[in-house]
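predicted structure and sequence below. I'll ask about it afterward.
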Amino acid sequence: MNKAFTSQNDEWTEAIAPVQKRYDREYRNEAFDLPAEVESMPLFREWVSHTLSSKIASPFWELAQFQKNQRCLDIGCGVSFLIYPWRDWDVYFYGQEVSFVAKDALNSRGSQLNSKLFKGVQLGAAHQLNYENATFDRVIATGFSCYYPLAYWKLVLSEAKRVLKPNGVLIFDAIAPDLELAENWAILETYLGAEVFLTPLNEITELVQSMGGKIMAKKDGLLFSMYRVQW
């Protein structure tokens, strides 16, 4: 059954629902009815063959610098615990996700992979984290900031700051709108059902700094720029 996403505060429900629907459909391997001109794009063929996601995904672990037994919250985690080597990192995995399908997949299989490290995934939006203050050593928030305006990202940053321990680290990424891939990817995502905001990176970094965050490191990818932030 395709449920509609509802948050505790419906101010952002209309913005979140298309993203939830778009990823639920992808995780179910449902077909997308796209115009011929979109399906003729090389980027679409990469997406269909499942080579695009690995090419553009941010390697968050490179900036996270995990240490054994740390507690990590992965916001918008997708099926992260099933595809990345969390067992090798030896950190406790907590997730929060808007996709019903991804959340259910992780909760049904995560503990089978590693019952010690997998601590479950909660259904919820990034701006309303279902965790107590100062809970985590690391917060990961990659792959979704591009779907929302800067006003929403400000709420996400505030929540990440709240749940991080003192000296904790946030790893997030943002689409780099000047890159060659960005515009075509934004077109593809729009046809897949989720609008992309090509927000200048300087506006995002200025927002982080205005909230007291310090950008400790940056790593550029083919589509996203990734940041390590501390408060």
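It's in.

V38: how many residues sit nearby?
Residues contacting V38 under the criterion other Cβ atoms under 10 Å number 16. Quick note: C-beta positions are derived from backbone N, CA and C, even for glycine.

so it is in which element?
Per DSSP states H and E: V38 is located in helix 36-39.

how far off centre is that helix?
27 Å (Cα atoms, centre = their mean, to the nearest Å).

elements contacting that helix?
helix 180-192 (3 or more Cβ pairs under 8 Å, 6 or more residues apart in numbering; DSSP states H and E).

how about residues contacting the helix it packs on?
22, 26, 32, 34-35, 38, 41, 43-44, 47, 56, 146-147, 175-177, 195-196, 198, 222-223 (Cβ atoms under 8 Å, 6 or more residues apart in numbering).

quick one: average pLDDT of the helix holding V38?
Mean per-residue pLDDT for helix 36-39: 92.

can you give me the helices in the chain?
13-27, 36-39, 42-48, 52-56, 60-64, 80-83, 86-89, 100-113, 150-163, 180-192, 201-210 (DSSP state H).

where does this structure dip in pLDDT?
1-10 (pLDDT under 70).

could you tell me which strand of it is the longest one?
Secondary structure of the chain per DSSP state E: the longest strand is strand 164-175.

list the buried residues for it?
Across strand 164-175, burial judged by 16 or more other Cβ atoms under 10 Å covers 164, 168-175.

same question for stretch 219-227.
Buried, per 16+ other Cβ under 10 Å, within stretch 219-227: 219, 221, 223-227.

got JSON lines for these, with distance to Y131 too?
Converted to JSON lines, the buried residues of stretch 219-227 look like this (distance: Cβ to Cβ, whole Å):
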{"residue": "K219", "distance to Y131": "26"}
{"residue": "G221", "distance to Y131": "28"}
{"residue": "L223", "distance to Y131": "29"}
{"residue": "F224", "distance to Y131": "25"}
{"residue": "S225", "distance to Y131": "26"}
{"residue": "M226", "distance to Y131": "23"}
{"residue": "Y227", "distance to Y131": "21"}
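
could you identify the most distant pair in the residues you listed?
L223 and Y227 (14.5 Å; Cβ to Cβ).

if we can go back for a sec, out of the contacts of helix 180-192, which end up buried?
Buried among the contacts of helix 180-192 (16+ other Cβ under 10 Å): 22, 26, 32, 38, 41, 43-44, 47, 56, 146-147, 175-177, 196, 223.

and those residues, which two are furthest apart?
F32 and A176 (25.1 Å).

quick revisit: and of the buried residues of strand 164-175, the nearest to D137?
Of all the buried residues of strand 164-175, D137 sits closest to G168, with 5.3 Å by Cβ to Cβ.

distance to A17 for the buried residues of strand 164-175 - can I get that in JSON lines?
Listed next are these as JSON lines, based on distance: Cβ to Cβ, whole Å:
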{"residue": "L164", "distance to A17": "28"}
{"residue": "G168", "distance to A17": "30"}
{"residue": "V169", "distance to A17": "30"}
{"residue": "L170", "distance to A17": "25"}
{"residue": "I171", "distance to A17": "26"}
{"residue": "F172", "distance to A17": "22"}
{"residue": "D173", "distance to A17": "22"}
{"residue": "A174", "distance to A17": "22"}
{"residue": "I175", "distance to A17": "21"}
